[in-house]
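[1] Pasting the sequence and the predicted coordinates here, then a few questions.
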2 protein chains.
Amino acid sequence: MTKRLFDIDPWVVRTSKLAVADKRLQESITSIGNGYMGMRGNFEEDYSGDTHQGTYLAGVWFPDKTRVGWWKNGYPNYFGKAINSPDFLSIPITVNGENVDLAKINYSDFNLSLNMKNGSLHRSFIGEFNTTKVKFEFDRFMSNVTQQLGLISVKATVLTGKAELILRPMINGAVHNEDANYDEMFWELKDHGEQSDQHYSLTMETKANPFGTPRFTVTEEMQNLITTDADYTRASEISELAVAEKISATLTANQSLTLLKQVAVVTSRDVPEAQQLAQTTAILQAAQQKTYAEHLAEQDQVWAERWEQSDVQIDGDPAAQQGIRFNILQLFMTYYGEDSRLNVGPKGFTGEKYGGATYWDTEAYIVPMYLAVTKPIVPRQLLEYRYNQLPGAFHNAQQQGLNGALYPMVTFDGIECHNEWEITFEEIHRNAAIAHAIYDYTDYTGDETYVLNQGIEVLVAISRFWADRVHYSQRAQKYMIHGVTGPNEYENNVNNNWYTNQMAVWVLKYTLEILNKVSSEKATELAVSQNEQSKWQDIIDHMYFPEDQELGIFVQNDGYLDKDLRPVSTLSPDERPINQHWSWDKILRSPFIKQADVLQGIYFLNDQFTLEEKKRNFDFYEPMTVHESSLSACIHSIIAAEIGEEDKAVNLYERTARLDLDNYNNDTDDGLHITSMSGSWLAIVQGFAGMRHHEGKLSFKLFCPQNWTNYQFKINFRGRLLAVKVGHENSKLTLLSGDNLELEVNGQSIVLKTDEDKVVTN
Amino acid sequence: MTKRLFDIDPWVVRTSKLAVADKRLQESITSIGNGYMGMRGNFEEDYSGDTHQGTYLAGVWFPDKTRVGWWKNGYPNYFGKAINSPDFLSIPITVNGENVDLAKINYSDFNLSLNMKNGSLHRSFIGEFNTTKVKFEFDRFMSNVTQQLGLISVKATVLTGKAELILRPMINGAVHNEDANYDEMFWELKDHGEQSDQHYSLTMETKANPFGTPRFTVTEEMQNLITTDADYTRASEISELAVAEKISATLTANQSLTLLKQVAVVTSRDVPEAQQLAQTTAILQAAQQKTYAEHLAEQDQVWAERWEQSDVQIDGDPAAQQGIRFNILQLFMTYYGEDSRLNVGPKGFTGEKYGGATYWDTEAYIVPMYLAVTKPIVPRQLLEYRYNQLPGAFHNAQQQGLNGALYPMVTFDGIECHNEWEITFEEIHRNAAIAHAIYDYTDYTGDETYVLNQGIEVLVAISRFWADRVHYSQRAQKYMIHGVTGPNEYENNVNNNWYTNQMAVWVLKYTLEILNKVSSEKATELAVSQNEQSKWQDIIDHMYFPEDQELGIFVQNDGYLDKDLRPVSTLSPDERPINQHWSWDKILRSPFIKQADVLQGIYFLNDQFTLEEKKRNFDFYEPMTVHESSLSACIHSIIAAEIGEEDKAVNLYERTARLDLDNYNNDTDDGLHITSMSGSWLAIVQGFAGMRHHEGKLSFKLFCPQNWTNYQFKINFRGRLLAVKVGHENSKLTLLSGDNLELEVNGQSIVLKTDEDKVVTN
């Protein structure tokens, strides 16, 4: 069922074949971005075959009106969507009057490659136009030096014959989302035209909406720099919703023309509309001081620093090597912590599906990785993001008639923007993940300033939510949580999801613990009465957790064991993935688990359970798990590694590492699974290398997969940089910088000293 | 919380007050119809205040596109809606250039009355225009003699001054549904204009849709007959989507003008478009041979026959008397069995809410009443309707990946047209109600021709569905039904809803019983193998039913007893109805029951349970039931009567009898609760009079509510007409026609002979 479009290579994602039937998949994988803006791997020139156009600007969204059969009290009125911004990529091209369109013309020597060292995309082919042959070379990247700047270069070289070449670099505002509920445009034109000096700009604003959410104004400006020894002309072409420049030249054999389309993009998130044009012009004026090569060299430098800290090297398995680098690249192209108003969207800049920009994925899967591979400020920005959105979370709880704060399932600004009752109202375990990330950050970095000041406000607000959301069952003499959807979204509206109940109690415990540490001023401000704390303690002491003594397992939720329990192996291949072959009814009633649920709890609260408990639950749940969420396999891989099921751990790793490159879930055509890309890193570092942190202390439990020679990675930890290289017999740990560090490796306590390798036996 | 806009009167619903703030409510209650078409109590003249315009044609619908956040496999693509047809009611009026608009002009002597004897609506007022006063009298009804004919009469009489009067009777195609998902029009113009002889017509067609559902063409034609001794002129006014005639006259004091607007309406359901105009013209030509009074006399005759058979008389409680007649009137105006392609829509011709035209309400609440108050052909038409829609039901099951037939929750043509997974996919108990109506019809009428020929096909198809929908729990060694929504829609996606499990088993049993009776040809055709029958028997023998031994009750569904159980009396009045004050999350987790659930099962399968069981379950569930479905109180009333809780039974009856007249659920502004209107009849006849039928034998258990003097009703039963008059001490039963009948009254067996009263002691 997997599909691999690109060659295996350690640093490049390359193919010599245009995937006509899988163009959307190819586009998803060749998406690029710089945390501020990005786009799918669409072509610059026209392409009349199947394609999914997508250019996105971080934080720019639209509240799409949504209607359901029967409205539920508490629903938000709209479905917030990451929207297609005016398209600044397009450069339609004709040769001798014929439109260059790879769905129609004859061509050869097609080459498409994403350079993972710097996030630049290259494409080339030789187009045939009767007896004329023209080689086209396209290069582009979104600058990480100046985030508002995109650089797109096209070089046309005539190989044989004579080419009357016309290029029309443009900015096109006539864009719409494929997932628009009623095919409506989300934008309206404010201004467009030619500025001085052959600069062209387009300013658009998102349409007015009845929901009171902000409108966004965007100005995009381009400047086209031409290099050629042939004569050429240029002329403006302004149409209703687009600006273009028409560049015409006649080239003979061996003559070439290079067009460097520099684009500056600013939005009203940063720059008021009145100043936008001045800003884009200034950006372009600065940009034109450097050649494409010079810009690229700077880009290389930024990325070299990122890779220096975050690269994972795998010897002996080039496919795995490519997978992990691709994932790290795409994650960093989506988010690198520059703007605390942003987060890691599930599709980043690679598609529209799911709507919204922020899911609990960030706290559950991104924070633990970023803590180790970026400076602490990056994950801290992610925590600040939630702190800043507390008002929205209060609003969401209030919508449900509940106290405290309920962080949204899907949001741009803190307010829930998605209405599916079983998710919006019920998948409330997300609230606990928000709290857990605060713990993770604090315990990993040792930086308590966040938790004692902002974090505790979040914790108290979430605890108040939980305390109101539980109820006391007289019959059972226990607190219960009814009506939830756990991480396994293939069951909805269940009672006493073990994971949710566990995490709720954990949050209450952790909040009480932190409350004891805050300043008296802060305590006064928080005003958590003794009564309230006692109530929380009572919930902690008397929460109900479904368990089965006979099987010795934690039960996913009430009633789960009454199902027709059977392993995934009883499914025939043509039923999988079940979410594409089965009705929702059948899925809900089945025993099959979409993603780690009980095991997610064991992962988060790792130190609370015995190895035996971990084994029994893994053995029970793993066979029934279909891993149809991209967030699943990595957690199972980590637990498998911990309980010594190394083959299983490796097998699950492979699924997460190349999920998109090999299209495992048959849905990468919609976009990449950005938030789950950290999964492969987690599987290696927390799985194979067994990294844990507990009470501020690091530990490892190392093994090297059979078919790998060795692997190595680096991590930041409390001001140090560690390198870890894991082989089959021995492993080597090196403290590259920072103070001596005591840690536990394979059960042994060791002390690392600067630049002193420590070799341990596995 | 109730609101009563109309005076108490045994045969009239009358008010002398225009309810400006409750105009929609007033409109709902003054809706009229004739089973073929109908309309809300909108005004003929313009009204600029809040109003909800609605004119509907039976069986004419549109598939409105619907979008939800995350699509579920198995959803239908559209939400079928009863749509506003071109409006043929309007007659804008001006006096001396001033628009007659009760929201703006001064007026007095307002009178609005619905005549329950014949379904005609009368309205009058005196309008003041400076020194001129004009009395307006409006009368209308939809003919039950010629269903395609509507008659609307306006008489204007000048009381003082001089009036330049202009009336503009019109047919207006510019209508849209308030509940249209994207405010779109559902109609497009085909043709309109003035025909010969001052006939005006408008032909419209529902818009093309991408779902393959049929389009409808409608022609409406009007002829305006004027009676006046003043001079008048008439002229045509054709605009983009409307036709109107402008009738101008100048009247002096004591002069009057009467306009009789006769309207003929035909649809492509009955008449091909090419013949529609000829047909409407012919209807109008026939109609103009009679005066309004003559038409009304014929209408009276039709209704007299209906009332003769169905009237319920209550002495001593005029409010109750009015309630039951209002309900019977509105039911018969919605459906009287003329067309087996039609059914009883939840709002009839009185509103748009809910979409669709057919719910399980028909089988559960309408059939049992119609069996007794109409000729058997009427309920049989309702059964034929489902038989004819078997292909749709097979399709619906297939959509869920299941065998057999799943009757839709909401439909026009048999195919599910509503997408709310917890309803569409899960509220499958509806399938059992379809089967139960077959039993009800067969046992009540003694007519086995339906069940042995068509009915058995429906039963087998439904049984196959149930047999595939259950699963076997190894752990419990029982069959279970997971993932359902019971009649109590305030819980969703529950396991082992007692009612659903009971009804599923009942269907399997009844199907096996009927299978033994069918002809060998039919048996061959049905091809239910011995294996299949054994499987059904195994399910019957090993179904799990949640019960609580300690409490001695049937448990609504797994986990229900773990809730925070508390009675409705603990709710404060400002929380009720909870569906208007609580979030859906809070409702789902609460113990509060929307409508009879376990008790619905006890009602349907009445003979299976002991009085003691009925008492314990009533005592447990009634205090937690909020009756926020209009279908609830009548069932509780019937059970209360049976277990001897007479006060409770009467109290619950009052809620159902005047649900709309007193706006109990605060939602009658959206339209009347048509399908639940049978509830008051059921509460009287099955409740107070305790009527049951079992194995073809009738029985009664009679009591008369304290504050009534007596009540009487008639019923059809197997070719007989019985009159039953119930007093406090004695009751009287009379066989008005038909053969002698043996029945059981208050536990005694008696034989009724023609025209011989039988007096029994209560």
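    Great, that's in hand.

[2] Get me the contact residues on the stretch 451-600 of chain A for chain B.
    A:471-476, A:480, A:482-483, A:492-493, A:495, A:558-559, A:561-565, A:579-580, A:582-589 (CB under 8 Å from any CB of the partner chain). Every residue, glycine included, has its C-beta placed from N, CA and C.

[3] Which ones among these map onto strands?
    Of those, the ones assigned to strands by DSSP state E are A:His471, A:Tyr472, A:Ser473, A:Met480.

[4] which among those residues end up buried?
    A:His471, A:Ser473, A:Met480 (16 or more other CB atoms under 10 Å in any protein chain shown).

[5] ok, so what distance separates the last one from A:Asn495?
    Think A:Met480. 7 Å (CB to CB, to the nearest Å).

[6] can you list residues touching both of the two?
    Residues touching both A:Met480 and A:Asn495 by CB atoms under 8 Å, 6 or more residues apart in numbering or on different chains: B:Asp562.

[7] show me where the stretch 351-500 of chain A has helices.
    A:361, A:367-373, A:377-388, A:390-399, A:421-424, A:430-445, A:449-450, A:456-469, A:498-515 (DSSP state H, counting those that start in this stretch).

[8] Find the nearest non-adjacent residue to A:Arg4, please.
    Of all residues not flanking A:Arg4 in the chain, A:Asp662 sits nearest, at 5.1 Å (CB to CB, 6 or more residues apart in numbering or on different chains).

[9] What distance do you get for that neighbour to A:Ala319?
    Distance from A:Asp662 to A:Ala319, by CB to CB: 9 Å.

[10] list the contacts for A:Leu659?
    A:Ser630, A:Ala633, A:Asn665, A:Thr668, A:His673, A:Ser676, A:Met677, A:Gly679.

[11] no, scratch that, I was asking about A:Met116
    By CB under 8 Å, 6+ apart, the neighbours of A:Met116 are A:Trp11, A:Val12, A:Val13, A:Arg325, A:Phe326, A:Leu329.

[12] hmm, which two among those residues are most spread apart?
    Between any two of the contacts of A:Met116, the greatest separation by CB to CB is 10.9 Å, found for A:Val12 and A:Leu329.

[13] rewinding a little: could I get the contacts of A:Met116 as a markdown table with distance to chain B, neighbour count and secondary structure?
    Formatted as a markdown table, the contacts of A:Met116 follow (distance: CB to the nearest CB, whole Å; neighbours: other CB atoms under 10 Å in any protein chain shown; DSSP: H, G, I helix; E, B strand; the rest coil):
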| residue | distance to chain B | neighbour count | secondary structure |
| --- | --- | --- | --- |
| A:Trp11 | 37 | 16 | coil |
| A:Val12 | 36 | 16 | strand |
| A:Val13 | 30 | 22 | strand |
| A:Arg325 | 32 | 25 | helix |
| A:Phe326 | 27 | 24 | helix |
| A:Leu329 | 29 | 24 | helix |
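
[14] Could I get the residues you listed in CSV, plus columns for pLDDT?
    Output for these, formatted as CSV (pLDDT from 0 to 100):
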residue, pLDDT
A:Trp11, 98
A:Val12, 98
A:Val13, 98
A:Arg325, 98
A:Phe326, 98
A:Leu329, 98
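
[15] just the residues you listed now: which is nearest B:Tyr370?
    Each of those was scored against B:Tyr370 by CB to CB, and A:Phe326 proved nearest at 67.3 Å.

[16] and A:Glu547, how far is that from A:Leu561?
    11 Å.

[17] of these two, who's got more company?
    Taking other CB atoms under 10 Å in any protein chain shown, A:Glu547 and A:Leu561 do not tie; A:Leu561 has more neighbours (19 against 12).

[18] Quick check: which ranges of the stretch 351-500 of chain A have low pLDDT?
    Applying pLDDT under 70 to the stretch 351-500 of chain A picks out residues A:355-356.

[19] 90 instead?
    The stretch 351-500 of chain A contains residues with pLDDT under 90 at A:352-357, A:418-420.

[20] Same check on the stretch 51-200 of chain A?
    A:64-81, A:176-185, A:195-197.

[21] all strands of it, in order?
    In the stretch 51-200 of chain A, the strands defined using DSSP state E, counting those that start in this stretch lie at A:55-65, A:78-84, A:93-95, A:98-99, A:106-115, A:120-129, A:132-142, A:149-160, A:162-167, A:170-172, A:187-194, A:199-206.

[22] Which strands and helices lie in contact with whichever helix or strand comes after the last one?
    To tie it back to what came earlier, the one meant is strand A:199-206. Heading C-terminal from strand A:199-206, the first helix or strand you meet, by DSSP states H and E, is strand A:217-228. On a contact count with 3 or more CB pairs under 8 Å, 6 or more residues apart in numbering or on different chains; DSSP states H and E, strand A:217-228 meets strand A:170-172, strand A:199-206, strand A:232-239, strand A:242-252, strand A:256-267, helix A:273-287.

[23] ok, and for the third one, which residues are buried?
    Going by neighbour count (16+ other CB under 10 Å), the buried part of strand A:232-239 is A:Tyr232.

[24] quick revisit: tell me which of A:Asp662 and A:Ala319 has more neighbours.
    A:Asp662 (19 against 15).

[25] That one reaches A:Leu5, doesn't it?
    No - with contact defined as CB atoms under 8 Å, A:Asp662 does not count as touching A:Leu5 (9.1 Å).

[26] Out of the helices and strands packed on strand A:217-228, which gets nearest to B:Ala405?
    strand A:199-206 (47.6 Å).

[27] what helices or strands is that closest one leaning on?
    Applying 3+ CB pairs under 8 Å, 6+ apart, one finds that strand A:199-206 contacts strand A:170-172, strand A:187-194, strand A:217-228, strand A:242-252, helix A:273-287.

[28] Adding distance to B:Thr213 and mean neighbour count, write the ones you listed out as JSON lines.
    Below are these laid out as JSON lines (distance: least, CB to CB, whole Å; neighbours: other CB atoms under 10 Å in any protein chain shown):
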{"stretch": "strand A:170-172", "distance to B:Thr213": "37", "mean neighbour count": "24"}
{"stretch": "strand A:187-194", "distance to B:Thr213": "33", "mean neighbour count": "16"}
{"stretch": "strand A:217-228", "distance to B:Thr213": "41", "mean neighbour count": "22"}
{"stretch": "strand A:242-252", "distance to B:Thr213": "39", "mean neighbour count": "20"}
{"stretch": "helix A:273-287", "distance to B:Thr213": "46", "mean neighbour count": "18"}
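
[29] Format those as CSV; extra columns: distance to B:Asp46.
    Below are these laid out as CSV (distance: least, CB to CB, whole Å):
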stretch, distance to B:Asp46
strand A:170-172, 47
strand A:187-194, 35
strand A:217-228, 43
strand A:242-252, 46
helix A:273-287, 44
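
[30] so which of those comes closest to B:Ser520?
    Nearest of these (CB to CB): strand A:187-194, 70.1 Å.
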